[in-house]
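A.B. asks: sequence first, then the predicted structure:
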Amino acid sequence: DAGVIQSPRHEVTEMGQEVTLRCKPISGHDYLFWYRQTMMRGLELLIYFNNNVPIDDSGMPEDRFSAKMPNASFSTLKIQPSEPRDSAVYFCASSFRIGRSDTQYFGPGTRLTVL
Amino acid sequence: GESVGLHLPTLSVQEGDNSIINCAYSNSASDYFIWYKQESGKGPQFIIDIRSNMDKRQGQRVTVLLNKTVKHLSLQIAATQPGDSAVYFCAEGGSGSARQLTFGSGTQLTVLP
């Protein structure tokens, strides 16, 4: 299995532009999580899905952020318009509950720089 | 101005020595705990997990200890190698039906030659 796949790996954009981050979870996993990591705040959960349905989006910073999961193998996180304070590494993770195990497997991340 | 970031605890060990990384968790209802390793420029990588009905679990060169009385988790790495240098995060989960993991702030492990 290739693991969680994220694209692009690096994104540099200008303030005000739309940014779309993409994620392909591990096949068969029914949970998908989007995180943001910064030096200031560490690893923050933004939103997570179960069977393509958003379950908890309380971590989404504001309306500029939106996430979709149109099918079991694809999710997007969109920022519109982007701001310099959105600069961070964004991780996607997926999991499949086995017994009481909630292990999440992370992708390599997308490093976003908003100028 | 100068940015202020999280102050990560740091641990420096000599190559070949054993490392112990500690973590205090917050939710007494959590029943599942995980240690992740994050190398520079990469995503967190699963190392080992433990359920609340256990107090010790061993893997390859790693051991996790759980003390529910004081809500403390530790990761022991035997014969630490340069490739072990990374940030280590503990995470807790499994409370009720929630599927989120709550991550600690991490510990930076540096292995000295």
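C.D. replies: Sure, I can see it.
A.B. asks: only C-alpha atoms from now on, for both contacts and neighbour counts.
C.D. replies: Fine.
A.B. asks: which residue packs closest to residue A:18, ignoring adjacent ones?
C.D. replies: For residue A:18, ignoring the flanking residues on the chain, the nearest one in space by C-alpha to C-alpha, 6 or more residues apart in numbering or on different chains is residue A:80 at 4.6 Å.
A.B. asks: contacting residues for residue B:19?
C.D. replies: B:13, B:75, B:76, B:77, B:78, B:79, B:80 (C-alpha atoms under 8 Å, 6 or more residues apart in numbering or on different chains).
A.B. asks: other residues contacting the host helix or strand of the second one?
C.D. replies: I take that to be residue B:75. If you go by DSSP states H and E, residue B:75 is part of strand B:72-77. The contact list for strand B:72-77 (C-alpha under 8 Å, 6+ apart) reads B:18-25, B:35, B:61-67, B:90.
A.B. asks: buried ones among these?
C.D. replies: By neighbour count, with 16 or more other C-alpha atoms under 10 Å in any protein chain shown, the contacts of strand B:72-77 hold B:19, B:21, B:22, B:23, B:25, B:35, B:62, B:63, B:64, B:65, B:66, B:90 as buried.
A.B. asks: using the three-state scheme, assign the fourth one.
C.D. replies: Meaning residue B:23. strand (DSSP: H, G, I helix; E, B strand; the rest coil).
A.B. asks: ok so, going back, chain center to the helix or strand just after the strand holding residue B:75: distance?
C.D. replies: Next along the chain after strand B:72-77, taking DSSP H and E as the criterion, comes strand B:86-93. Centre-to-centre, strand B:86-93 and its host chain are 4 Å apart (C-alpha atoms, centre = their mean, to the nearest Å).
A.B. asks: relative to strand B:86-93, what are the paired strands and their orientations?
C.D. replies: Applying DSSP bridges, strand B:86-93 is found paired with strand B:32-38 (antiparallel), strand B:101-103 (antiparallel), strand B:107-112 (antiparallel).
A.B. asks: which residues touch the helix or strand of chain B at the bottom of the mean pLDDT ranking?
C.D. replies: In chain B, no helix or strand scores lower on mean pLDDT, DSSP states H and E than strand B:101-103, which sits at a mean of 86. With contacts defined as C-alpha under 8 Å, 6+ apart, strand B:101-103 is touched by A:43, A:102, B:89, B:90, B:91, B:92, B:93, B:94.
A.B. asks: can you list the weak-confidence ranges in chain B?
C.D. replies: Judged by pLDDT under 70, chain B has its weakly predicted residues at B:1-7, B:95-98.
A.B. asks: go again using 50 as the cut-off
C.D. replies: Applying pLDDT under 50 to chain B flags residues B:1-4.
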